[in-house]
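K.L.:
I would like to see how this sequence folds:
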Amino acid sequence: MTKRCIEIFRFLVGAGWLTTSQVHRRFFPDATIDAARKRLRKLTEDGYLVMVQQHPMAEALFALGPAAKRFLERSGMPEITLWRKPPKHLEHFVGINDLRIAAELTSPLRYFFGCWELPGTGWHYSIIPDALFAIGERTFAAEFDRGLETIRYFVRTKIGAYRHMLESFPLAAVLIVTDRRARMESLAKALIRENIPCIYTIIDLVKEHGLSSPVFFEHPDAHAKSLVRKSLVEVSSREDSLIAPIYLNSVS
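P.N.:
Below you'll find the model as predicted:
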């Protein structure tokens, strides 16, 4: 049992399920994905993890197994409830954990909760963000939007609730993460007059470049900013100013 194995177990307590590539990105940054697969296969064979592959072309998914549950509880963790099967809205779930991984790789992360974890924290607001996390003294609520609902529905069901939440729960911003540029631009234009702090990005940019890179926008026409720099300060050098448009063109 290695330190990395234990870190994977602890991470899965909150994350629930991770794909092979997510485990590789978070825990094997200097190794090949085949090395990650080999270790995951061994942990699965020994009962520390369980693996699900929904069809032959899909990535494998991993969750805690009974052996890891016993190991962590004997190490002092509270009782752990194992996941029996992956969630129904799997792509949405995976996207939230992509954001979790980016946050975990950003310092200083104070906490990160997915929407499935928030009810257990005593959360009492009418809206449950897809994620809530704090980096340093700044707290963000995140919405991962895959474009399955209309813009009007998004505004009607979420914006009023966030406005009410902000009266007693201060946020640096609501981070709206989309799966494509066109959806990001549509949401940004629709929300520009809603008078709540919003910033926007695309999930592929978060996965590839993290939260410290200038891939966040207060509006599609604005300069790109880093999520973790003070007050979302604009990137200052000419070279950095050109990064985000190049990124956006690559995923549009």
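K.L.:
could I get the buried residue list for the lengthiest helix in the chain?
P.N.:
Longest helix in the chain, counting residues (DSSP state H): helix 90-104. Within helix 90-104, the residues that qualify as buried by neighbour count (16 or more other Cβ atoms under 10 Å) are 92-104. Glycine gets a C-beta too; all of them are placed from N, C-alpha and C.
K.L.:
could these go into JSON lines alongside pLDDT and distance to residue 170?
P.N.:
As requested, the buried residues of helix 90-104 are arranged in JSON lines below (pLDDT from 0 to 100; distance: Cβ to Cβ, whole Å):
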{"residue": "92", "pLDDT": "96", "distance to residue 170": "26"}
{"residue": "93", "pLDDT": "97", "distance to residue 170": "28"}
{"residue": "94", "pLDDT": "97", "distance to residue 170": "29"}
{"residue": "95", "pLDDT": "97", "distance to residue 170": "25"}
{"residue": "96", "pLDDT": "98", "distance to residue 170": "22"}
{"residue": "97", "pLDDT": "98", "distance to residue 170": "26"}
{"residue": "98", "pLDDT": "98", "distance to residue 170": "26"}
{"residue": "99", "pLDDT": "98", "distance to residue 170": "20"}
{"residue": "100", "pLDDT": "98", "distance to residue 170": "22"}
{"residue": "101", "pLDDT": "98", "distance to residue 170": "26"}
{"residue": "102", "pLDDT": "97", "distance to residue 170": "22"}
{"residue": "103", "pLDDT": "96", "distance to residue 170": "19"}
{"residue": "104", "pLDDT": "95", "distance to residue 170": "23"}
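K.L.:
please name the nearest non-neighbouring residue to residue 7.
P.N.:
Take residue 7 and drop its neighbours on the chain: the residue closest to it by Cβ to Cβ, 6 or more residues apart in numbering is residue 27, 6.5 Å away.
K.L.:
any idea how many residues pack against that neighbour?
P.N.:
As a burial measure, residue 27 scores 18 neighbours (other Cβ atoms under 10 Å).
K.L.:
can you check residue 63 too?
P.N.:
Residue 63 has 19 nearby residues by other Cβ under 10 Å.
K.L.:
tell me the strands beside the host helix or strand of it, with direction?
P.N.:
Residue 63 belongs to strand 61-64 when assigned by DSSP states H and E. If you go by DSSP bridges, strand 61-64 pairs up with strand 18-19 (antiparallel), strand 49-52 (antiparallel).
K.L.:
avg pLDDT for it?
P.N.:
Mean per-residue pLDDT for strand 61-64: 98.
K.L.:
which outside residues touch that strand?
P.N.:
9, 12-13, 16-20, 23, 40, 44, 48-54, 72, 80, 82-83, 86, 90 (Cβ atoms under 8 Å, 6 or more residues apart in numbering).
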